[in-house]
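Enquirer: Give the three-dimensional model of this entry:
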Amino acid sequence: KKSNCTGDCAASWPPFEAPAGAAPEGEFDIMTRDDGTRQWTVRGWPLYTWVGDSQPGDVTGHRVGGVWFLATPGK
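Expert: Purely as a prediction, here's the structure:
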């Protein structure tokens, strides 16, 4: 697993960091980014937040550029 979102991309799409002591569970795993920080993944996909969201439940980043999508529960 590798994140291709760094620099300006990561400024708009901050990685969803996994804190020290966090452990993988179920579909959720943790990858280490090139800068050494740990980032949550789900089903192998890196997870990010969006700078345009300011309140819990905001999903204004969904479908931005046709490449960013809301993570939803899998089967």
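
Enquirer: show me the contacts for the most centrally placed residue in the chain.
Expert: By CA atoms, centre = their mean, the chain has its centre lying nearest to residue 47, at 1.7 Å. Contact analysis of residue 47 by CB atoms under 8 Å, 6 or more residues apart in numbering lists 15-16, 39-41, 71. Glycine gets a C-beta too; all of them are placed from N, C-alpha and C.

Enquirer: Please look at residue 63 and residue 50 and confirm they touch.
Expert: No: using CB atoms under 8 Å, residue 63 makes no contact with residue 50, being 11.1 Å away.

Enquirer: Now the nearest residue to residue 49 once chain neighbours are set aside. Its backbone dihedrals?
Expert: Closest residue to residue 49 apart from its sequence neighbours, by CB to CB, 6 or more residues apart in numbering: residue 14 at 5.0 Å. Backbone torsions for residue 14, taken as degrees, to the nearest 10, come to phi -60, psi 130.

Enquirer: roughly how far apart are residue 14 and residue 73?
Expert: Here residue 14 is placed at a distance of 22 Å from residue 73 (CB to CB, to the nearest Å).

Enquirer: likewise residue 60?
Expert: Counting by CB to CB, the gap from residue 60 to residue 73 is 20 Å.

Enquirer: who's more crowded, the two?
Expert: Neighbour comparison, residue 60 and residue 73: the larger count goes to residue 60, with 12 against 6 (by other CB atoms under 10 Å).

Enquirer: Now the more buried one: closest residue in space that isn't a chain neighbour?
Expert: In space, and not counting its chain neighbours, residue 60 is closest to residue 52: 4.5 Å by CB to CB, 6+ apart.

Enquirer: likewise residue 53?
Expert: Excluding the flanking residues, the one nearest residue 53 by CB to CB, 6+ apart is residue 60, at 5.5 Å.
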